[in-house]
Every structure is written in structure tokens, then in C-alpha cells.
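[1] sequence-free structure coming up:
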């Protein structure tokens with residue numbers, strides 16, 4: 001049985017090296033059926049050469065103007081061919097097996113609307129940035145994030161219902 005295509009969309013704006021590092025991590029993904037779309041929001045042409053040269057399989061869409069996060073993602077969506085779309089911040093590095101649980105969630109639960117994987121802060125000793133969210137604190141207006149600043153020891157490795165997805169990585 002073939003695996004459904006996942007379209008991974010990421011936005012670049014004057015951060016070619018950061019985007020390059022994300023793309024390097026995506027080369028190790030174990031999920032067998034995905035495409036990568038980078039939408040560039042009007043960066044200098046020569047800045048993107050390392051991306052084009054090193055990652056020829058990546059679809060690069062160049063906008064003549066900075067459309068911001070939403071506008072850039074909409075350009076990517078227009079070109080995406082996947083059954084599922086994963087929005088991934090360009091400053092995110094992924095682990096090889098991160099896509100399989102996300103796809104499995106949607107394939108086994110057609111009522112699922114959006115999902116985010118557990119996120120760790122880069123450059124820390126496995127400190128959790130996001131492992132779900134129980135909503136917005138009415139007094140502070142900030143999200144109440146599960147696992148925030150906890151050392152990751154597998155305590156949030158089970159999928160759970162969450163009130164908010166994390167924009168850094170959401171399918």
C-alpha cells in the first residue's frame with residue numbers, strides 16, 4: 001500500500017543558511033513520500049544559490065514581493081500536490097521519523113483537523129518547547145503549553161488532543 005504524499009511548505013526571507021540547515025535535516029526523513037516547497041518572500045537572488053545547487057529536488061517558488069507568513073504559505077499551497085500539507089518554519093530541524101506519526105494520525109482519524117509534533121528548543125539539553133496546549137490563559141492571553149521547559153525524557157511521547165497547534169510545525 002502506498003503512503004500518501006505529504007507537501008512540506010516552508011517560507012524563506014533573507015535566511016538562506018537557516019533554510020539550508022532545515023533542508024539538510026529533511027534529507028534524513030524516513031517517510032517515503034513527500035515533496036518540499038520553499039517559498040521565498042523576495043530575498044536577493046544570489047542568496048538562494050546554495051539552496052538551488054545543494055537541493056535540486058526542492059521546489060523553489062520566488063515571490064517578487066514579501067507576502068508574509070500567510071501569503072507565502074498560500075503560494076506554497078497553490079503548488080502543493082500532497083494529500084496532507086505540513087507547514088514547517090525554516091528555523092526548524094526535524095528528526096528522521098517525525099512524519100510517520102503525523103500521517104498515521106490523519107489516516108486513522110479522518111476527523112482530525114490539525115496536528116503538531118512535540119518540539120524541542122534548539123541548542124538546549126532536550127528542553128521541550130511544545131507538547132500540546134490546553135488553551136489560552138484568559139489573564140495573560142498566552143498559551144498554556146504542555147511540557148514547556150521540561151527536559152524531554154519521553155514523558156510526552158503519546159498523542160493527545162490539543163487546543164492549539166504550534167505554528168513552527170503543523171500538518
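    Looks like it came in fine. What you see is a predicted model; the values in this text were computed from it and never measured.
[2] now do the helices in this structure.
    Using DSSP state H, the helices of the chain run over 16-26, 49-54, 68-79, 99-108.
[3] burial count for residue 123?
    When counting by other CB atoms under 10 Å, one arrives at 6 neighbours for residue 123. C-beta coordinates here come from the backbone N, C-alpha and C atoms, glycine included.
[4] same thing with residue 25?
    Count around residue 25 with other CB under 10 Å applied: 15.
[5] kindly present the helices of the chain as CSV, with separate columns for distance to residue 143 and mean pLDDT.
    CSV is the format used below for these (distance: least, CB to CB, whole Å; pLDDT from 0 to 100):
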stretch, distance to residue 143, mean pLDDT
helix 16-26, 23, 93
helix 49-54, 32, 84
helix 68-79, 17, 96
helix 99-108, 20, 96
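[6] tabulate the ones you listed (TSV), appending distance to residue 124.
    TSV is the format used below for those (distance: least, CB to CB, whole Å):
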stretch	distance to residue 124
helix 16-26	17
helix 49-54	27
helix 68-79	25
helix 99-108	22
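[7] mean neighbour count, those: which tops it?
    Among the helices of the chain, helix 16-26 has the highest mean neighbour count (mean count of other CB atoms under 10 Å), at a mean of 18.
[8] no further queries at this time; thank you.
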